[in-house]
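Q: sequence first, predicted model second:
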Amino acid sequence: MSTYDLIVIGAGPGGYVCAIRAAQLGLKVACVEGRETLGGTCLNVGCIPSKALLHASHMLHETHENFEKMGLMGAHVEVDWAKMLGYKSETVGGNTKGIEFLFKKNKIDWLKGWASIEAAGKVKVGETVYETKNIVIASGSEPSTLKGVEVDNKAGIVVDSTGALELPKIPKSMVVIGAGVIGLELGSVYARLGADVTVVEFLDFITPGMDGEVQKQFQKILTKQGLKFVLGAAVSGVSTENGAAKVTYKLRKDDSEHTIDAEAVLVATGRRPYIAGLGLDTLGVEVTDRGFVKIDDHWQTSVKGIYAIGDAVPGPMLAHKAEDEGMAVAEVIAGKHGHVNYSVIPGVIYTTPEVASVGLTEEAAKEAGRKIKVGKFPFMGNARAKALFQADGFVKLIADAETDRVLGCHIIGPNAGEMIHEVCVAMEFGASAQDIALTCHAHPTCSEAVREAALACGGGAIHA
Ligand SMILES: NC(=O)c1ccc[n+]([C@@H]2O[C@H](COP(=O)([O-])OP(=O)(O)OC[C@H]3O[C@@H](n4cnc5c(N)ncnc54)[C@H](O)[C@@H]3O)[C@@H](O)[C@H]2O)c1
């Protein structure tokens, strides 16, 4: 059997991107994937299917809430759930097939099955042991479990993010446990589809790690959209009876116990690395106390020739962070320089409006003792956002008080997930807020709000 230069374990965004880049650099590459289709969590049961449902439910919301305001009259649009799920599956299928095509084009062997590592240089799939010079672990993550809560995606009552993508019906009521990215994206899907959604969150605020002002405004916007929030509440158990669920939680402020009944419960309390079965213990690959694979500056684990990237290693669990690491580690293995700028990794919540951020929050900057300027601009002053009925948010740009260098940006607004990239590029180039302010922005666009926030870091925004 021929020897590979690289075997990548896992064909999610980290793994498949790593395999493609390594093949482009002339390496002989195989990628092991046990799922029926390539693309990992992101394409199969994560980013992509959820975006299809977010889009469809947003369209529904537009017909119900905004069409009449624009003079678009007519019959009330109804949901055909089976058809909507079909659209979601087609979106997924088109993308996973695309990766298969890219593998063929780049002459990457797809080793079908679940891998374990016998030793450095030996990967076992089924009964076959493959020889390779290098191994990259890109095995991703899985939903974490919660004590007292049993997820059963098949039954479709208490589900995790995977089960929430194909509930048997649109529930009349839903409890979402955890006000993180998954809980709020999928919670807003079902709220728009007509469910009465209550989000129960352990902390006293939503979206931990985000800018404080963004958290508050985002919660207000979601509340206006019909989501209810119970904050400072620890869920201690969920029971099911007669096709419905009862969620028990304790308020942290007074330890009082409460319950909520719901037709469906989404458990969205985080994800954990998926590395069971790889045989890392036997190999002596070190892991952190939270179960992430330990790596050095070149993504190499404690065992030479075995690398790890993506959700399996510490850092934000984001597909694009995994992709960047995948490309970088392929470069390193090919003897070149791989680089990831961890201070410029955007984060996006794909609700409507979207929430996007990059770099330092105001709180983190202050905690680090940095002197900063904050330039804020509300979308109320942006003509385009107003025409889209999405003017409730703002752009907040953070710059160094002395050098004016851009340190971070936080946006709630229409297509914030697209807009954030102008700031990412600016940060990569070490730009100042003035550089953004002096850059001509097309009118009328939502991106003008980014320029206005940059102007607000200096002489002042024009339309504020
Ligand atoms: N758009 C995106 O970029 C995107 C989309 C989906 C997932 N992801 C990533 O996937 C990972 C998992 O997402 P997530 O939303 O599940 O996790 P998360 O860590 O973002 O949020 C989980 C929330 O659950 C709360 N929680 C934990 N235990 C609780 C309890 N007993 N009762 C009440 N609340 C409790 C936590 O305080 C936290 O706010 C994240 O790293 C996220 O960034 C990203």
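A: Looks like it came in fine.
Q: residues contacting stretch 268-277, please?
A: By CB atoms under 8 Å, 6 or more residues apart in numbering, the surrounding residues in contact with stretch 268-277 are 114, 116, 137, 139-144, 146, 160-161, 176-178, 180, 182-183, 186, 287, 290-293, 311-313, 317. (Glycine included, C-beta is placed from N, CA and C.)
Q: ignoring the adjacent residues along the chain, who's closest to the residue of the stretch 151-300 of the chain at minimum distance from the ligand?
A: Nearest to the ligand, among the residues of the stretch 151-300 of the chain, is residue 180, at 2.0 Å (CB to the nearest ligand atom). Nearest residue to residue 180 in three dimensions, chain neighbours excluded: residue 268, at 6.1 Å (CB to CB, 6 or more residues apart in numbering).
Q: and this protein, which of its residues are near the ligand?
A: Those residues of the chain that sit near the ligand, judged by CB under 6 Å from any ligand atom, are 146, 177-183, 185, 200-203, 208, 234-235, 268-271, 317-318, 347-350.
Q: if we can go back for a sec, let me know the pLDDT of the residue nearest to residue 180.
A: Residue 268 is assigned 98 on the pLDDT scale.
Q: any idea how far residue 430 is from it?
A: 37 Å (CB to CB, to the nearest Å).
Q: just want to know which of the two has more residues nearby.
A: A direct count of neighbours by other CB atoms under 10 Å for residue 268 and residue 430 places residue 268 higher, at 27 against 10.
Q: measure that one to residue 420 for me?
A: 23 Å.
Q: same question, residue 76
A: 35 Å.
Q: of the two, who's got more company?
A: Taking other CB under 10 Å, residue 76 and residue 420 do not tie; residue 420 has more neighbours (23 against 7).
Q: who touches stretch 180-195?
A: By CB under 8 Å, 6+ apart, the list of residues contacting stretch 180-195 from outside reads 50, 53-54, 57-58, 60-61, 79, 161, 164-165, 170-174, 176-177, 197, 199, 201, 206-208, 218, 222, 225-227, 263-264, 266, 268-270, 347, 349-352.
Q: at 6 Å instead, please
A: By CB atoms under 6 Å, 6 or more residues apart in numbering, the residues outside stretch 180-195 that reach it are 50, 53-54, 57, 61, 161, 164, 170-171, 174, 176, 197, 199, 226-227, 266, 268, 349-351.
Q: what residues of it count as buried?
A: 180-193, 195 (16 or more other CB atoms under 10 Å).
Q: and stretch 408-421, by the same measure?
A: 408, 409, 410, 411, 412, 413, 414, 415, 416, 417, 419, 420.
Q: pull the CA atoms of it into CSV?
A: Provided in CSV are the C-alpha atoms of stretch 408-421 (Å, rounded to 0.1, in the frame of the first residue of the first chain):
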residue,chain,number,x,y,z
GLY,A,408,-12.4,46.0,17.3
CYS,A,409,-15.8,46.4,15.8
HIS,A,410,-19.3,45.3,16.9
ILE,A,411,-22.3,45.6,14.7
ILE,A,412,-26.0,44.8,15.0
GLY,A,413,-27.6,45.5,11.7
PRO,A,414,-28.7,44.2,8.3
ASN,A,415,-26.0,42.0,6.8
ALA,A,416,-23.6,42.8,9.7
GLY,A,417,-21.9,39.5,8.9
GLU,A,418,-20.9,40.8,5.5
MET,A,419,-20.1,44.4,6.7
ILE,A,420,-17.7,43.2,9.4
HIS,A,421,-15.1,42.1,6.8
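Q: coming back round to it: for ChimeraX, what selects the buried ones among the contacts of stretch 268-277?
A: Provided next is the ChimeraX selection string for whichever of the contacts of stretch 268-277 are buried by 16+ other CB under 10 Å:
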select :114,116,137,139,140,141,142,143,146,160,161,176,177,178,180,182,183,186,287,292,293,311,312,313,317
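Q: so of the contacts of stretch 268-277, which ones are in helices?
A: If you go by DSSP state H, these have 182, 183, 186 in helices.
Q: just curious, which of these is nearest to residue 122?
A: Nearest to residue 122 among the ones in helices among the contacts of stretch 268-277: residue 182, at 36.1 Å, using CB to CB.
Q: distance of that closest one from residue 161?
A: With CB to CB as the criterion, residue 182 and residue 161 are 5 Å apart.
Q: can you check residue 328 too?
A: In terms of CB to CB, residue 328 sits 27 Å off from residue 161.
Q: got the contact list for the longest helix along the chain?
A: Using DSSP H, we find that the single longest helix of the chain is helix 81-105. Among residues not part of helix 81-105, those counted as contacts by CB under 6 Å, 6+ apart are 16, 20, 37-39, 43, 48-49, 52-53, 56, 110, 166, 170.
Q: ditto for stretch 202-210
A: Identification of contacts with stretch 202-210 by CB under 6 Å, 6+ apart yields 179, 215, 219, 231, 232, 234.
Q: helix/strand/coil for the last one?
A: Secondary structure state of residue 234, per DSSP: H, G, I helix; E, B strand; the rest coil, is strand.
Q: likewise the second one?
A: Using three-state DSSP, the secondary structure recorded for residue 215 is helix.
Q: please name the nearest non-neighbouring residue to it.
A: residue 205 is the one closest to residue 215 (CB to CB, 6+ apart), at 4.9 Å.
Q: so what's the one you found scoring on pLDDT?
A: Per-residue confidence (pLDDT) for residue 205: 98.
Q: residue 352 versus that one, what's the distance?
A: Distance from residue 205 to residue 352, by CB to CB: 21 Å.
Q: burial measure for residue 228, as a count.
A: Neighbour number of residue 228 under other CB under 10 Å is 16.
Q: picking that back up, what about the residue nearest to residue 215, which helix or strand?
A: Taking DSSP states H and E as the definition, residue 205 sits outside all helices and strands.
Q: and the gap between it and residue 60?
A: Residue 205 sits at a distance of 29 Å from residue 60 (criterion: CB to CB).
Q: residue 15 now?
A: According to CB to CB, residue 15 stands 35 Å off from residue 60.
Q: all strands for the stretch 51-200 of the chain, in order.
A: In the stretch 51-200 of the chain, the strands defined using DSSP state E, counting those that start in this stretch lie at 109-112, 115-119, 122-125, 128-137, 141-143, 158-159, 173-177, 196-200.
Q: quick one: low-confidence residue ranges for this protein.
A: The chain contains residues with pLDDT under 70 at 1-2.
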